[in-house]
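Sequence below, structure please.
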Amino acid sequence: MNALPQADAFRPDGGPALSVVIPVLDDAAALAKCLALLARQTRTADEVIVVDNGCSDTSARVALDAGARVITEPLRGIPAAAAAGYDAAAGEVIVRCDADTRPPEDWLARISAAFADPGLDALTGPGRFYDVPRPVAALASAAYSSGYRFGAGAALAGIPVWGSNFAMRRTAWQRCAEGIHRHRAGIHDDLDLSFQLAPWATIRFDRRLRVGAAGRIFTGPGAFVRRFRWAFATLRLNWAVQSAGRRWLERVIARRSATRRT
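Numbers count the residues shown, from 1 in each chain. Now for the predicted structure:
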């Protein structure tokens, strides 16, 4: 699988070229599974970019053996690694997942079809935890997805994208790339990106665009607390620029203006 030149942002069939970006730090086994599932897609990716964020295991070799393009981001942290991948992407649509994401076979086909709408800037969907005990997996998945969607949505006055399962136009990334906090570890990169997209982007949540995800948040109290600390740090950074109240006020004003024009 070769890297696309920038001129090949669209496929010969007229559909958008898809660049899948996967930031990785010492997750070779999960990455191998993810790449195998990407290879089985009914609509394959035009390029897969694996961002080596300082791996000491065989993650980079796993990626190369699977035909992925490997780039290196020495600054530790998902914000820096994800941003490096987005910068390198050549496709019209940038698709993001994690090394432990397990996409169904029609995942990329659904994404490609959605972006036939020229007004769509970003698309996201939910996940189901595949490594959580079955009796509680459905409840935990629904609670996490709903909590993030509505909690983060209230904080940013928009629809948040989820790092394990989202896509955006490359032009959308280029518009907001300078505003993200790529040099800040200890924040949620997807929530930070959502703050940059929310004021202007058309974002759609598709409940049918579902992937498998690892329930790492449930591995212990430390993981749970750490993720909440990252969330509050992300909120503080972005609310310092514009508060949640101001965001909602501007959204209401924009909607009223649009209604009057129609």
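
just the strands in the stretch 101-250 of the chain please.
122-124, 127-129, 166-169, 203-205, 211-213 (DSSP state E, counting those that start in this stretch).

Which among those is found nearest to V20?
The closest of these to V20 is strand 166-169. By CB to CB, the value is 9.0 Å. Every residue, glycine included, has its C-beta placed from N, CA and C.

Partner strands of the closest one, with direction?
With DSSP bridges as the test, strand 166-169 is paired with strand 93-96 (antiparallel), strand 122-124 (antiparallel).

hey, which of these is tucked in deepest?
Among these, strand 93-96 has the highest mean neighbour count (mean count of other CB atoms under 10 Å), at a mean of 27.

And the contacts of that one?
16-22, 45, 82, 85-86, 108, 111-112, 115, 161, 163-170, 173, 190 (CB atoms under 8 Å, 6 or more residues apart in numbering).

got the strands of the stretch 101-250 of the chain as CSV, with mean pLDDT and distance to D100 columns?
CSV is the format used below for these (pLDDT from 0 to 100; distance: least, CB to CB, whole Å):
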stretch, mean pLDDT, distance to D100
strand 122-124, 98, 17
strand 127-129, 94, 10
strand 166-169, 98, 15
strand 203-205, 98, 21
strand 211-213, 96, 7
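
who's in contact with the residue nearest to the spatial centre of the chain?
With distances taken as CA atoms, centre = their mean, the residue of the chain nearest its centroid is G163 (3.1 Å). By CB under 8 Å, 6+ apart, the contact set of G163 is 78, 82, 96-98, 188-190.

closest to L120 among those?
Sorting the contacts of G163 by distance to L120 puts R96 at the head of the list, at 15.5 Å, by CB to CB.

Can you check the pLDDT for the closest one?
Note for R96: predicted pLDDT of 98.

Likewise for D8?
54.

Could you find the closest non-adjacent residue to L64?
Distances taken as CB to CB, 6 or more residues apart in numbering put V70 closest to L64, at 5.8 Å, once the chain neighbours are dropped.

So the one you found is in contact with V48, correct?
No. Assessed by CB atoms under 8 Å, V70 is found out of contact with V48, at 9.6 Å.

list residues touching both of the two?
Counting by CB under 8 Å, 6+ apart, the residues touching both V70 and V48 are A63.

of these two, who's got more company?
V48 (25 against 17; other CB atoms under 10 Å).

which SSE is that one in?
Following DSSP states H and E, one finds V48 within strand 47-52.

For F205, see how far away A122 is.
10 Å (CB to CB, to the nearest Å).

now A99
Relative to F205, and taking CB to CB, A99 is found at 23 Å.

higher neighbour count, these two?
A99 (24 against 18).

My reading is that the more buried one is in a helix; is that accurate?
No. A99 is assigned coil when assessed by DSSP: H, G, I helix; E, B strand; the rest coil, not a helix.

related to what we said a few turns ago, sort out which one of the contacts of G163 lies nearest F218 for me.
Of those, the one sitting nearest to F218 (CB to CB) turns out to be D98, at 15.6 Å.

Could you tell me the backbone phi and psi angles at the residue nearest to that closest one when sequence neighbours are not counted?
Distance criterion CB to CB, 6+ apart; nearest residue to D98, sequence neighbours excluded, is S164 at 4.9 Å. In terms of degrees, to the nearest 10, the main-chain angles of S164 are phi -80, psi -10.

How many residues are close by S164?
Counted with other CB under 10 Å, S164 comes out at 22.

list the contacts for it?
Per CB under 8 Å, 6+ apart, neighbours of S164: 96-98, 100-101, 127, 211, 213.

could you dump those to JSON lines with distance to V252?
Shown next, in JSON lines, are the contacts of S164 (distance: CB to CB, whole Å):
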{"residue": "R96", "distance to V252": "30"}
{"residue": "C97", "distance to V252": "34"}
{"residue": "D98", "distance to V252": "35"}
{"residue": "D100", "distance to V252": "39"}
{"residue": "T101", "distance to V252": "35"}
{"residue": "G127", "distance to V252": "31"}
{"residue": "V211", "distance to V252": "33"}
{"residue": "A213", "distance to V252": "34"}
